[in-house]
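1. missing the sequence, but the structure's below:
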C-alpha cells in the first residue's frame, strides 16, 4: 500500500503534474511495486512500441503491433517475472538477452507518424503514444470488431495470470477446486446437469446445436420482438426518464474506467495529451471528467488469497458524491464468481451466492477507505454512489442493499447504477426481522428504489440465472426434438435462410415456453434489484437507440434471447 500526494487544480481539465497534497491510496500486487529487470525491460519496450509508426509497410506492421507484438509483451509481463521471482539472476540474464531483440523491433517503429497514417489504432490511440509532435490528437470510438479483439486479448492475458496465480498459490488453488466441486455437486444433485446435457451437449455432439440456436433465434425474433414493451413499468407511458439516461451516460464512464487503462484507451472520446493516459489515476480522471487528485483510492491486487474485484473510489464534485466503481468479469476468477449462481441467504433475503460473497469481500477491503473519505470536512455532506458493469454491476446492486440494511455509511443518501447486471436477488420475506433492525424489508425496498439498472438491446447477461439457463436448455431441447428428424440438407437451408423455419419448431418452442419447470434445491427466481430497468433498444428505422423504463420483475420473466450478438459491449457508446 502506497501513498501518492496530489494538488488541487483550478482548471476543469485533469491535472498532468505530479500530485502533491491529499493522498491516493493504491493496493496492488507486490511485483508491480518492485518490478524485476525483466518486467522493466518488457514494459519499457511495450511503451516505446507505441511512440511511432513503422518506417515502411505500415499496412503490415501496424496490425502486427496491434494484435501480435503488444499482446505478446503484455503476456510475457504476466508470465515470466512471477516464474523467475525466486531466481533474480536468471531474471537479469533473460532481460539482457531480450534487450537487443526488442531494440531491433523498436527500430522498425522509429518513424514519427505522418498525416496519412494507416494504423488500425491510429485514429483512436494516437493520444496513447508518447509522440514527438506536440499536437493534441482526437480519439474516435473503436470499431466493434477491434473492441472485441482487444477485449479477448485482455481476458486471455488476465486468464493466464489467473492460472499462474493458482499454480503458485495453494490456497487459491483450493478455492478454485472447491468452487468447481460445489458447482458439479449442484448440477449432479439437482438434475440440472442432465438438462444441460440434453439441450446443449447432445445436439452439439451430433452437429445440430448451431442449427438449433439459429432456429430458436428466428422464433424469438418473430414471437418476442416486443418483449421490452411487455416488460414496461405500469403507468410508465409518457414518463420522462431523461434524467436516468443522463445519469447512466455519466456513470457508465466510471464503470468503464474500473476495467483499467487499456479499456479507457479504447473508449476515451475527448482531446487528450498522451501523458494523461500513462497511469491509471490520470486515465480515470480523464475518462470520468474529474481532477486527478479526486481519484482517491485504487485497488488492483491480483495475488491476494481472497479474490476481490478491482475497484476504485473517487470524489465527484458535480454530483456531490463519493463514487465506488467495480470492475466486471475480466479473468477466470471473475467467471467462477459468475457461475456460482445458486441461492444464498443475504440481508434477510436470498441472492446470487458468488456475487453476495464478493459484495462482502469488496466492502471488507474498501469500507474503511470509503468511510475515511466521508470523515473529511469537505465531504461530510456528500452522498455515496456505487456503480459497475456486468459482474461489477451485480455486485454493486447487492452492495447497495448491504449498505442500506447494515447502514454501513450511516444514513447518507446512497444511489446505485448498474450496467448490464445479471439477476442476483430474490425479494425478502415480508415478515423478516433482524437483531437491532426491526424492519429489513423496508430497508431493502429503500435500497431497490435507489437503484437504476441499464441493459442493452439483446445482451444475454441481464437474463442469466439458473432459472433462465434451465429454460434456455428446455427451449433448445424443444427445437432439437424437431431437428433430430430433419435431413442435414434441410437444416442447412434453414440456417442460411433459404427456407423458412417449420411451424413444428414454433409449436414445440411455445409448448416448452408455457411449461412451468419445478424449482430445484438452490434455485430461486431472481431479478435485478432495481426500481426500474432502462432498456436500450435500437430503432430499426432511425438506427438510433431508444430508452424504455421497464419493471425488474417483468424483465426477469424473459429468457436469454439467442441474438446473433448477445454480448455486452456497445452500451458505453449507446446510452
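-> Looks like it came in fine. A quick note: this is a predicted structure, and the numbers were derived from the prediction, not measured.
2. contacts only, for the residue nearest to residue 259 when sequence neighbours are not counted.
-> Beyond its immediate neighbours in the sequence, the residue positioned closest to residue 259 (Cβ to Cβ, 6 or more residues apart in numbering) is residue 327, lying 5.4 Å away. To be clear about C-beta, it is placed using only N, CA and C from the backbone, and glycine gets the same treatment. For residue 327, the contacting residues are 258, 259, 260, 309, 310, 311, 334, 388, 389, 391, 392, by Cβ atoms under 8 Å, 6 or more residues apart in numbering.
3. what do you get if the cut-off is 7 Å, keeping everything else the same?
-> Applying Cβ atoms under 7 Å, 6 or more residues apart in numbering, we find residue 327 in contact with 258, 259, 309, 310, 311, 392.
4. now, which of those sits nearest residue 74?
-> Within the set of the contacts of residue 327, residue 259 lies nearest residue 74; the separation is 14.5 Å, counting by Cβ to Cβ.
5. run a quick neighbour tally on the closest one.
-> Under the neighbour criterion other Cβ atoms under 10 Å, residue 259 is assigned a count of 22.
6. how many neighbours does residue 175 have?
-> Using other Cβ under 10 Å as the criterion, residue 175 is surrounded by 17 other residues.
7. can you tell me the closest non-neighbouring residue to the residue nearest to the spatial centre of the chain?
-> Geometric centre of the chain, nearest residue: residue 328, 2.9 Å, by Cα atoms, centre = their mean. Using Cβ to Cβ, 6+ apart and skipping the chain neighbours, the partner closest in space to residue 328 is residue 390 (3.4 Å).
8. ok, that neighbour touching residue 460?
-> No: taking contact to mean Cβ atoms under 7 Å, the distance of 10.6 Å between residue 390 and residue 460 leaves them out of contact.
9. before we move on, back to that, quick check, pLDDT for the residue nearest to the centre of the chain.
-> According to the model's per-residue confidence, residue 328 sits at a pLDDT of 90.
10. and the longest helix seen in the chain, average pLDDT?
-> Taking DSSP state H as the criterion, the chain has its longest helix at helix 144-168. On average, the pLDDT along helix 144-168 is 72.
11. same thing with stretch 301-313?
-> Here the mean pLDDT over stretch 301-313 is 82, rounded to a whole number.
12. what do you get for stretch 224-233?
-> When the per-residue pLDDT values of stretch 224-233 are averaged, the result is 74.
13. buried stuff in it?
-> Buried residues in stretch 224-233, counting neighbours by 16 or more other Cβ atoms under 10 Å, are found at 227, 228, 231, 232, 233.
14. residue ranges of the strands in this protein, please?
-> Taking DSSP state E as the criterion, the chain carries its strands at 2-6, 22-28, 295-300, 311-316, 321-326, 343-346, 349-352, 383-389, 408-411, 414-419, 425-426, 451-456, 532-538, 545-550.
15. show me the contacts for the closest residue to residue 228 other than its chain neighbours.
-> Nearest residue to residue 228 in three dimensions, chain neighbours excluded: residue 535, at 4.7 Å (Cβ to Cβ, 6+ apart). Under the criterion of Cβ under 7 Å, 6+ apart, the neighbours of residue 535 are 228, 455, 548, 550.
16. of those, buried ones?
-> The neighbour-count test (16+ other Cβ under 10 Å) applied to the contacts of residue 535 identifies 228, 455, 548, 550 as buried.
17. in TSV: those residues, plus distance to residue 102.
-> Converted to TSV, those look like this (distance: Cβ to Cβ, whole Å):
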residue	distance to residue 102
228	51
455	44
548	52
550	52
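18. nearest to residue 103 among those?
-> For residue 103, the closest of those turns out to be residue 455, at 48.6 Å, with distances computed as Cβ to Cβ.
19. shaky segments in the stretch 51-200 of the chain?
-> For the stretch 51-200 of the chain, residues meeting the criterion pLDDT under 70 lie at 51-67, 108-148, 150-151.
20. mind running it again at 50?
-> Residues of the stretch 51-200 of the chain meeting the criterion pLDDT under 50: 111-140.
21. which parts of it are helices?
-> 58-64, 70-83, 88-108, 122-125, 144-168, 170-190, 192-196 (DSSP state H, counting those that start in this stretch).
22. quick one, the third one and helix 70-83 angle?
-> In terms of direction (axes from the mean of the first three to the mean of the last three Cα atoms, to 10 degrees), helix 88-108 departs from helix 70-83 by 170 degrees.
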